[in-house]
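A.B. asks: after the sequence you'll find the predicted model.
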Amino acid sequence: MISIQFDQLQLWQFSNLSKCTEINHFVSGRKGGCSAGELGGLNLSFKVNDTELNVIKNRKLLSLAMNVTENHIVFPDQTHSDRVAVLRNLDNGDSLSNTDALITNLQGVCIAVMSADCVPILLYDKLNKAVGAVHAGWRGTVSKILDKTIGNMEKEFGTKASDLVVGIGPSISPEIYEVGQEVIDAAENAFGTISSMVTKIEGKTFFNLWEANKFQLISRHLNPENIEIAGICTYQNADKFFSARKSQNKAGRFGAGIVINPH
């Protein structure tokens, strides 16, 4: 990933998506916003212990960085579901409840998801000029929300996997993400063989969210060269990104978003 500075904001971009001049995108960090304390900086969520005014100001800073109108950054109401919504116009932007992935071909509208250890994923269909933003925690991952997002893009926009460029963003790393048997059972039911996704050390089991989501892309026959994994652990870099596990669920939320630039 590439670190970029916009005014007082520290943002990140994927190298592969940065080469696509028809779009703009971001992964936000903690620094540069107006929230305080454990929410320090650029908290984007109304659902944590922050003021509404702070969140509105923080989102406005991002809209400026993405060069979109203030109300043209759209976040769904995430619930760790596997629901993918199509954003066909801004009028349905406020009714995206129980939704953890957005897709659109609207120009000048930035679709985004929030995270604080879960995996944010951005997709761009170079041929059909369509984009996707996915929030994948373990529940979303084993529900194959990324695979379902691509399926929805295929249905709505005619997307082919060979035309997709994908960035898998900062999240909790496989060295840190210790899980219980519930997660392992769900992963086996979803993916069958999970040896590449699971590590066992001294009686502890660790799950690789990055590999599980990459598995879904490879299963769709994406070109591996079009897949970029940030490889940045939010837990180990909690000074740069919000980490729910590190902060014992007191953290704010960072975001990842993508926009098709207007002609």
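C.D. replies: Perfect, thanks for sending it.

A.B. asks: strands of the stretch 1-150 of the chain, start to end?
C.D. replies: 2-6, 9-13, 23-28, 73-74, 84-86, 101-104, 110-115, 119-125, 130-136 (DSSP state E, counting those that start in this stretch).

A.B. asks: same list, those, but as CSV with mean pLDDT and mean neighbour count please.
C.D. replies: Every C-beta, even on glycine, is put in place using the N, C-alpha and C of the backbone. Shown next, in CSV, are the strands of the stretch 1-150 of the chain (pLDDT from 0 to 100; neighbours: other Cβ atoms under 10 Å):
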stretch, mean pLDDT, mean neighbour count
strand 2-6, 92, 12
strand 9-13, 95, 20
strand 23-28, 98, 24
strand 73-74, 95, 23
strand 84-86, 96, 21
strand 101-104, 97, 26
strand 110-115, 97, 28
strand 119-125, 98, 26
strand 130-136, 98, 28
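
A.B. asks: looking at those, which is closest to V48?
C.D. replies: strand 110-115 (9.8 Å; Cβ to Cβ).

A.B. asks: ok, residues contacting that closest one?
C.D. replies: 24, 44-45, 62-63, 66, 68, 72-76, 78, 87, 100-104, 120, 131-135, 169-171, 234, 242, 253-259 (Cβ atoms under 8 Å, 6 or more residues apart in numbering).

A.B. asks: returning to what we had before: adding distance to T149, write the strands of the stretch 1-150 of the chain out as TSV.
C.D. replies: Output for the strands of the stretch 1-150 of the chain, formatted as TSV (distance: least, Cβ to Cβ, whole Å):
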stretch	distance to T149
strand 2-6	24
strand 9-13	20
strand 23-28	16
strand 73-74	15
strand 84-86	5
strand 101-104	5
strand 110-115	11
strand 119-125	7
strand 130-136	5
